[in-house]
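Peer 1: Dropping a prediction and its sequence here:
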Amino acid sequence: MTVAHVRIEHHDGLPVAVLNGDIDAANAARVTEELTTAMTNRAPALLVVLTEARYLDSAGINLLFRLHEQLATRRQRFGLVLGESAQLRRALEVAGVLDAIPVWEELPQALAAIGGGD
């Protein structure tokens, strides 16, 4: 079984999920559940920090697209934090994630842009 850790932080009422490890078919459902549980109806957005994640397979990438769509339906924003040198950058670029979902290199930039501000 692969290992994925989800740590939820709150910045001025905005949930920030920090993902660490490998997100794949073996744990994508659990990770999705943890992310959706962190997102309340009152939160304006959800940020997911992928800088420490090592690997996302197609199930992990699909998780990001589905979450983005679900939150858009609820009129909530969704964004990713992915450092310039993050291992996942190329895979997410090829999959079209970086074109479909807002991405910032640093958490403070993301918080300011998406409405959390810390």
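Peer 2: That came in fine, so what should we check first? Numbers count the residues shown, from 1 in each chain.
Peer 1: which residue ranges form the strands in the chain?
Peer 2: Under the criterion DSSP state E, the chain contains strands at 4-11, 14-23, 45-49, 53-56, 77-81, 103-104.
Peer 1: for Leu82, what are its contacts?
Peer 2: 49-51, 88-89, 92, 103-105 (CB atoms under 8 Å, 6 or more residues apart in numbering). To be clear about C-beta, it is placed using only N, CA and C from the backbone, and glycine gets the same treatment.
Peer 1: re earlier: dump the strands of the chain into CSV; add mean neighbour count, mean pLDDT and distance to Gln70 as well.
Peer 2: Formatted as CSV, those follow (neighbours: other CB atoms under 10 Å; pLDDT from 0 to 100; distance: least, CB to CB, whole Å):
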stretch, mean neighbour count, mean pLDDT, distance to Gln70
strand 4-11, 15, 94, 17
strand 14-23, 20, 95, 14
strand 45-49, 24, 96, 10
strand 53-56, 19, 92, 18
strand 77-81, 22, 96, 8
strand 103-104, 18, 96, 18
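Peer 1: can you put the ones you listed in TSV and add distance to Glu34?
Peer 2: Output for the strands of the chain, formatted as TSV (distance: least, CB to CB, whole Å):
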stretch	distance to Glu34
strand 4-11	4
strand 14-23	7
strand 45-49	11
strand 53-56	14
strand 77-81	15
strand 103-104	21
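Peer 1: Met39: which of the ones you listed is closest?
Peer 2: Met39 sits nearest to strand 45-49 of all the strands of the chain, at 4.9 Å, using CB to CB.
Peer 1: Show me the contact partners of the closest one.
Peer 2: So strand 45-49 is in contact with 14-19, 35, 38-39, 64, 67, 71, 76-82, 107, 110-111, 114-116, going by CB under 8 Å, 6+ apart.
Peer 1: That'll do, ta.
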